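S.K.: got a structure for you, letters missing:
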């Protein structure tokens with residue numbers, strides 16, 4: 001433990017020094033690093049896939065569920081997605097030095113609010129090796145140094161990706177220490193990061209399951225940009241078009257069941273439940289989804305499993321969907337307020353007034369109107385990637401891209417003023 005503590009503190013010191021260099025580097029240098037990273041990931045595809053195969057083999061041998069193995073697994077297509085995400089981040093306008101507001105009060109001072117990096121981010125995540133590339137790219141774009149700690153199940157994949165990141169930084173003349181991956185599966189490393197590494201880490205970003213986020217929130221001695229579970233809802237308003245509802249619900253649940261943007265509960269207005277629910281349910285069942293419903297839903301869909309209280313509180317990350325028939329929008333909003341995690345909710349409705357009312361009343365990070373909850377993704381928002389979906393109410397909320405990883409300072413210009 002002493003050796004690990006020493007090495008982690010040294011990692012923190014190097015990250016702090018690299019953060020200064022990165023903050024002072026010109027935007028063009030950070031763009032060069034991102035371009036080199038995108039090209040490097042494509043060139044290293046074979047090495048990354050080989051490392052990932054070792055991770056997947058070990059995970060299967062250890063009894064990991066197929067839903068989690070899906071999150072862990074890389075393919076040619078997924079690496080291409082990583083390459084494109086980094087390229088998109090490289091093309092995002094550099095957020096640093098941007099004046100978000102400028103004004104002159106009565107004292108004659110010229111005051112500007114300017115975006116600046118946060119400093120050093122500690123990113124702790126679990127089974128998704130693509131986060132290694134996404135987090136690195138977003139931190140480089142936003143001028144932040146990063147200490148990354150992946151789950152032990154994706155360590156080999158992440159090490160292969162981290163090697164590409166180091167080369168890309170060096171090629172751009174930036175310090176390789178700007179992005180460091182904790183190379184040990186020892187869980188004690190997480191605890192050390194949560195101490196802040198003697199002030200080196202400014203913000204901890206947990207990206208993973210409920211237990212990881214809870215531990216970080218309970219133990220962290222520095223600020224936390226948290227991402228709670230995606231206990232997401234799709235609500236079919238009585239005005240919903242049937243074909244639109246069928247397409248959206250099927251995609252929202254079954255496109256990828258293992259992502260945090262997947263719908264976990266379907267709410268259906270009682271006035272339209274007989275029209276909407278049976279065909280929507282038939283599509284889901286045909287796609288291999290198990291439905292767990294309340295008494296009214298069971299009556300409309302024979303063979304549906306009875307839902308229990310726990311089902312309204314479960315992020316399945318699996319082909320399982322809870323279904324409830326609600327009296328009206330008030331009941332739908334009440335259900336979401338009681339059981340939701342503040343992540344993502346969607347309404348399907350042709351009544352524009354009702355849709356806008358739902359959007360105004362729902363207090364979640366993302367609210368979609370007539371679109372799948374699977375769009376809860378920084379890439380789909382045009383950010384290139386995301387470091388997570390923040391359910392915080394302060395600083396950043398929703399997909400956290402490069403701009404959301406900045407803070408601000410005030411630059412005040414005077415002409416010799418003194419305060420009376």
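M.R.: Yep, that arrived. Values in this document were obtained by computation on a predicted structure and should not be read as measured data.
S.K.: roughly how far apart are residue 183 and residue 7?
M.R.: 9 Å (Cβ to Cβ, to the nearest Å). All C-beta atoms are positioned from the backbone trio N, CA, C, and that covers glycine.
S.K.: Could you do residue 189 as well?
M.R.: 9 Å.
S.K.: Looking at those two, which is more packed in?
M.R.: Applying other Cβ atoms under 10 Å to residue 189 and residue 7 shows that residue 189 carries more neighbours, namely 20 against 15.
S.K.: A helix includes that one, no?
M.R.: Yes - per DSSP: H, G, I helix; E, B strand; the rest coil, residue 189 lies within a helix segment.
S.K.: Model confidence score at the closest residue to it other than its chain neighbours, please.
M.R.: Closest residue to residue 189 apart from its sequence neighbours, by Cβ to Cβ, 6 or more residues apart in numbering: residue 182 at 5.0 Å. Residue 182 is assigned 97 on the pLDDT scale.
S.K.: same check, this time on the one 5 residues further on
M.R.: According to the predicted model, the pLDDT of residue 187 comes to 90.
S.K.: dump the residue contacts of it.
M.R.: Applying Cβ atoms under 8 Å, 6 or more residues apart in numbering to residue 187 gives no contacts.
S.K.: what's the spacing between it and residue 98?
M.R.: 39 Å.
S.K.: my read: residue 126 touches residue 209, true?
M.R.: Yes - counting by Cβ atoms under 8 Å, residue 126 does reach residue 209; the two are 6.4 Å apart.
S.K.: between those two, who's got more neighbours?
M.R.: residue 126 (19 against 16).
S.K.: Can you verify residue 80 is assigned to a helix?
M.R.: Yes - counting by three-state DSSP, residue 80 is located in a helix.
S.K.: Quick check: the residue nearest to residue 189 vs residue 219, distance?
M.R.: The value you get for residue 182 to residue 219, if Cβ to Cβ is used, is 17 Å.
S.K.: Looking at those two, which one has more neighbours?
M.R.: A direct count of neighbours by other Cβ under 10 Å for residue 182 and residue 219 places residue 182 higher, at 23 against 14.
S.K.: which ones are touching the more buried one?
M.R.: Residue 182 sits next to 8, 11, 147-150, 189, 193 when contact means Cβ under 8 Å, 6+ apart.
S.K.: looking at those residues, which has the most residues close by?
M.R.: residue 150 leads those on contacts (other Cβ under 10 Å) with 30 neighbours.
S.K.: Let me have the contacts of residue 182 in CSV, adding distance to residue 106 and secondary structure as columns.
M.R.: Formatted as CSV, the contacts of residue 182 follow (distance: Cβ to Cβ, whole Å; DSSP: H, G, I helix; E, B strand; the rest coil):
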residue, distance to residue 106, secondary structure
8, 50, helix
11, 48, helix
147, 45, strand
148, 48, strand
149, 50, strand
150, 53, coil
189, 53, helix
193, 46, helix
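S.K.: Make JSON lines out of those and add distance to residue 37.
M.R.: Converted to JSON lines, these look like this (distance: Cβ to Cβ, whole Å):
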{"residue": "8", "distance to residue 37": "25"}
{"residue": "11", "distance to residue 37": "20"}
{"residue": "147", "distance to residue 37": "17"}
{"residue": "148", "distance to residue 37": "14"}
{"residue": "149", "distance to residue 37": "20"}
{"residue": "150", "distance to residue 37": "17"}
{"residue": "189", "distance to residue 37": "24"}
{"residue": "193", "distance to residue 37": "23"}
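S.K.: Would you map the strands across the stretch 1-150 of the chain?
M.R.: Using DSSP state E, counting those that start in this stretch, the strands of the stretch 1-150 of the chain run over 99-103, 110-117, 120-125, 145-149.
S.K.: How far away from the center of its chain is the first one?
M.R.: Between the centre of strand 99-103 and the centre of its host chain there is 29 Å, according to Cα atoms, centre = their mean, to the nearest Å.
S.K.: cool, the longest one as well?
M.R.: Computed by Cα atoms, centre = their mean, the chain-centroid distance of strand 110-117 equals 27 Å.
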